[in-house]
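Starting from these lines, generate the structure:
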Amino acid sequence: MTKKKPTRPRGLTDKQAVFVREYLACLNATEAARRAGYSAKTAMWQGPQLLQKPHVAAAVEEQQRARLERLDLDADGLTRLWSTVATADAREIVQHRRDACRHCWGLEHAYQFTPAEYRKAMIAHEQQRADILSKGGADIGAFPAVEGDWFDARKRPNPECPECFGDGVPGVYIADTRDLSEAAKALFAGVKEGRDGVEVKLHDQQAATEKLGRALGVFRDAPASAGPGVIESELALRYVALMEKSREMQLKSLRERGLSDGEEN
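As a prediction, this is how the structure comes out:
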């Protein structure tokens, strides 16, 4: 089946049409200009200049609107999505923790077993004992009984532990993605298995924050004399309040699911 060639928006040159298509793909004017065939030396200023041309800007807007209609999304829907991604807590998906070592919570800091480990060690000990006795050796005695609790790798390190000195054992933990909250699902971008293990992919929260800020009108272009990046105080306060509210809702959800003890890392 012959692939249909995309129609060129009216009023654009071939090169400008390619620029529009590539800009919609990467949302980076410089990169889009480079992909459209402008030289690497000129793409940095050619891209922004193209976006200022009325017919190019109109073509970008028209195709963006058509894309939103195909996806059944509107500006409010995208704003909600960016807000969710920007304020989601990545620790719900992946954590670097320092958990208790084997001696942290043992009685007088003795080595702790799990029940299965204890049974395995006891059987091995009794087999060794029987073998020694069968050969006329001295009795090494019964396997020591367990005193205190079983080992729980989820506990925090004991600051008084003489073995790990309260530092615990470092480890990376990845959540079961079937149980993620809606915010974490929006942040989660998949996993990749390789030679070095599992790599968790997350959507770019900084990019989502910038898009949300522009959608809310927080980040505005300032007069040339004022320099770039000026943020109007009233809008900035509204933006911070929204982010804090979303953050509180996310932490509340984590606490209800038992995934947070209320402490910030």
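
State the number of residues packed around Leu212.
Leu212 sits with 25 neighbouring residues when counted by other CB atoms under 10 Å. For the C-beta atoms, the positions are set from N, CA and C on the backbone; glycine is no exception.

What of Val146?
Neighbour tally, Val146, other CB under 10 Å: 15.

again with Asn158
By other CB under 10 Å, the residues close to Asn158 number 19.

For Pro115, see how far away the closest residue to it other than its chain neighbours is.
Nearest-residue entry for Asn158: Cys104, 3.8 Å, with adjacent residues in sequence omitted and distances by CB to CB, 6 or more residues apart in numbering. From Cys104 across to Pro115, the span is 18 Å (CB to CB, to the nearest Å).

Check Ala40 too.
Ala40 is 64 Å from Pro115, by CB to CB.

next one: Thr87
Taking CB to CB as the measure, Thr87 falls 41 Å from Pro115.

Look at those two and report which has more neighbours.
Taking neighbours as other CB under 10 Å, Thr87 and Pro115 compare with Thr87 leading, 24 against 10.

So what does the more buried one look like in phi/psi?
phi -110, psi 0 (degrees, to the nearest 10).

In this structure it contacts Ala183, no?
Yes: look at Thr87 against Ala183 with CB atoms under 8 Å: they come within range, at 6.9 Å.

wait, isn't Thr84 in contact with Ala186?
Yes: assessed by CB under 8 Å, Thr84 is found in contact with Ala186 at 4.4 Å.

what bridges to Gly197?
Gly194 (DSSP bridges).

any idea how far it is from Val191?
10 Å.

Of the two, which one has the most company?
Taking other CB under 10 Å, Gly197 and Val191 do not tie; Val191 has more neighbours (13 against 9).

Assign a three-state SS to the closest residue to Tyr111 other than its chain neighbours, would you?
Excluding the flanking residues, the one nearest Tyr111 by CB to CB, 6+ apart is Arg102, at 5.2 Å. In three-state terms, and counting by DSSP: H, G, I helix; E, B strand; the rest coil, Arg102 is coil.
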